[in-house]
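Undergrad: Need coordinates for the below:
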Amino acid sequence: MLHITRVFWYAVVICIAIVLWGSFAPDSLNELTVSATEFIYDHFAWFYIFVIVAMISFCIYIMFSRFGKVKLGKQNERPEFSLLAWFAMLFSAGMGIGLVFFTTAETISHAFISSPNGAPGSDQAIIESLQYAMFHWGLHGWGLYSIVALVLAYFKFRVGAPGLISATLEPLFGKKIMRGTVGHIVDTLAVFATVVGVASTLGFGSAQINSGLTYLFNAPKTFWFQLIILLISTVLFIVSAWSGIGRGIKYLSTINIVVGFILLLLLFIVGPSMYILNLFTTSIGKYAGNFIEMSFELKPLNGEERQWINDWTIFYWAWWISWAPFVGMFIARVSKGRTIREFVAGVLLAPTLVTFIFFAVFGGSALYLEQNGIAKLSALVTETVTFGMFEHYPLGTALSFITVFVIAIFFVTSADSATFVLGMFSTGGQLNPSNVVKIVWGLALAAMAAIVMYSGGIKGFQNMLIISALPLSLIIILMVASFYKIIQQKE
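TA: Numbering: from 1, shown residues only. The predicted model follows:
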């Protein structure tokens, strides 16, 4: 039976309005969102930092507390998915295209374009480039995802609440308030952040697939070709979402993790292996040794250095916060039957380690080329850095083929995970939303991505994501307080 709530219609109307605004007046959209983003950076950067650090701290506490043995579900329930399938799905949803998109581009940027501390191109900048990439993609982001996912999973599978953000706040404010207008606003905000975030990612993904096909087959690098890529991918992720979480999403995620590791191993073998190992070891040490300082660093006395913190660190914290409802809900959905300790260890630690390894191999291979004057990767646009790197290593063409495949599957798994979560959010928290609703959201995501690419309004949409992170961060704090209140009462 098709069950659509008010949240669905609220979100659809808002998304249509934003798309029309971005299509007909992209400059106006960009100007307004840039002003709002700068205001948030100047006045709330400290707040984002404390929120992220608090989430990591709570993760560690809850994992080792007496609540660690509590099962996300009934006491005799077993996990719905195998360990490999579970990890593959949560990693694909949480990382997606970014793993291939930024592993080379971000490390090159930190080392040779804009460095946090040392002069670009210096030994200090090169050493710190991987350290800060790990910082931005490691424990801080996954700690946030872990907590949001844990709260949602506990309320859904242990308490029996609907799969909604608003449902997790009922112990604090009561059912009457959270199932009325206030609850609709909370859930609509979660839907909006998911739609805008995933649409921007689909735009990036289309551009990077286009770049790979241009490198391999000299394909045209135009909007229309990217639109064809988007349309094909849309059909694939709608088919995957239609087939259900236990088939399409699970199989594609597992395939992608396996192929991704094959790509990783091949690049490590043909790349500068000892350079990668030495850089990885040094970066891990610097990451651990400077963890507290990096976590609280705002550089208040230097405007230029503070701008770097805003553009990178605060941007990422806001980005993770805005993605937390989507990724958290998806991770929660596939985690039934696991204990809290197993869940937090799996979501916080395992993806962080894998992310570090990917950054070390891809980022280290790119840094080696530019440091030794073999290639000027810093002169390339973001989506072409990885393919530009492959040109200078054996099996470069084969690596590019595999990379395009991995990006395409990440593209599909991120999008079909999003349609699944959007379906849950807009149908009152149903675990298996109707295919009609999932298709509607799939088409909406594709349409928004296409219009964003056409109008060049990706920056405006990214800024809206950052803006949405401010109210979402407050909601996340309340979610944790509500969770702690009820788990103390029930367990």
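Undergrad: Roughly how far does W224 sit from F425?
TA: Separation of W224 from F425 (C-beta to C-beta, to the nearest Å): 33 Å. Quick note: C-beta positions are derived from backbone N, CA and C, even for glycine.
Undergrad: Then L367?
TA: L367 is 41 Å from F425, where distance means C-beta to C-beta.
Undergrad: do the same with I407
TA: Distance from I407 to F425, by C-beta to C-beta: 27 Å.
Undergrad: Neighbour count: these two, which is higher?
TA: F425 (29 against 25; other C-beta atoms under 10 Å).
Undergrad: check which helix or strand covers the closest residue to that one other than its chain neighbours.
TA: In space, and not counting its chain neighbours, F425 is closest to V191: 5.0 Å by C-beta to C-beta, 6 or more residues apart in numbering. Assessed by DSSP states H and E, V191 sits inside helix 181-217.
Undergrad: how about the CA coordinates for the next helix-or-strand element following that helix, as CSV?
TA: Helices and strands here follow DSSP H and E; after helix 181-217, the next one along the chain is helix 223-243. In CSV, the C-alpha atoms belonging to helix 223-243 read as follows (Å, rounded to 0.1, in the frame of the first residue of the first chain):
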residue,chain,number,x,y,z
PHE,A,223,27.1,18.9,-20.4
TRP,A,224,25.1,16.7,-22.8
PHE,A,225,27.5,13.8,-22.5
GLN,A,226,27.4,14.1,-18.7
LEU,A,227,23.6,14.2,-18.9
ILE,A,228,23.7,10.8,-20.8
ILE,A,229,25.9,9.4,-18.1
LEU,A,230,23.5,10.7,-15.4
LEU,A,231,20.5,9.2,-17.2
ILE,A,232,22.1,5.7,-17.6
SER,A,233,23.2,5.8,-13.9
THR,A,234,19.7,6.9,-12.9
VAL,A,235,18.1,3.8,-14.6
LEU,A,236,20.7,1.6,-12.9
PHE,A,237,20.2,2.9,-9.4
ILE,A,238,16.4,2.9,-9.7
VAL,A,239,16.5,-0.8,-10.8
SER,A,240,18.8,-1.5,-7.8
ALA,A,241,16.5,0.4,-5.4
TRP,A,242,13.5,-1.5,-6.9
SER,A,243,15.2,-4.8,-6.2
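Undergrad: Show residues contacting helix 223-243.
TA: For helix 223-243, contacts defined as C-beta atoms under 8 Å, 6 or more residues apart in numbering pick out 202, 205-207, 209-210, 213, 219, 248-249, 252, 408, 411-413, 415-416, 419-420, 435, 438-439, 442-443, 445-446, 449-450, 453-454.
Undergrad: Determine how far it lies from the middle of the whole chain.
TA: 20 Å (C-alpha atoms, centre = their mean, to the nearest Å).
Undergrad: Please point out which parts of that helix sit buried.
TA: Across helix 223-243, burial judged by 16 or more other C-beta atoms under 10 Å covers 225-227, 229-230, 233-234, 236-238, 240-243.
Undergrad: How about stretch 279-297?
TA: 279-280, 283-284, 286-287, 294-295, 297.
Undergrad: Now I477: which helix or strand?
TA: Per DSSP H and E: helix 458-490 holds I477.
Undergrad: For that helix, what is the distance to the chain centroid?
TA: 15 Å.
Undergrad: and if you look at stretch 279-290?
TA: That offset, for stretch 279-290, works out to 23 Å (C-alpha atoms, centre = their mean).
Undergrad: quick check, R78 in a helix?
TA: No. Looking at R78 with DSSP: H, G, I helix; E, B strand; the rest coil, it is coil, so not inside a helix.
Undergrad: quick one: average pLDDT of stretch 316-333?
TA: Mean pLDDT, stretch 316-333: 89.
Undergrad: biggest helix in the chain, by residue count?
TA: Ranked by residue count under DSSP state H, the longest helix found in the chain is helix 26-64.
Undergrad: Next secondary structure element downstream of the strand or helix carrying A318?
TA: Counting by DSSP H and E, the element that carries A318 is helix 315-333. Next along the chain after helix 315-333, taking DSSP H and E as the criterion, comes helix 340-344.
Undergrad: mean confidence score for the helix or strand following that next one?
TA: The helix or strand immediately downstream of helix 340-344 is helix 350-358, counting by DSSP H and E. Confidence for helix 350-358, expressed as mean pLDDT, is 92.
Undergrad: swap in stretch 433-447?
TA: Averaged across stretch 433-447, the pLDDT comes to 82.
Undergrad: Can you get me a residue count around L139?
TA: Neighbours of L139 using other C-beta under 10 Å come to 24.
Undergrad: thinking it is in contact with M55, fair?
TA: No. L139 lies out of contact with M55 (C-beta atoms under 8 Å); the separation is 9.8 Å.
Undergrad: SS state for the closest residue to A167 other than its chain neighbours?
TA: The shortest distance from A167 to any non-neighbouring residue, by C-beta to C-beta, 6+ apart, is to A161 (4.1 Å). Classification of A161 by three-state DSSP places it in coil.
Undergrad: Relative to E80, how far out is A161?
TA: 18 Å.
Undergrad: swap in V259?
TA: Distance of V259 to E80, given as C-beta to C-beta: 24 Å.
Undergrad: Okay, now the unreliable bits of the chain?
TA: 1-3, 96-97, 241, 243-248, 452, 455-461 (pLDDT under 70).
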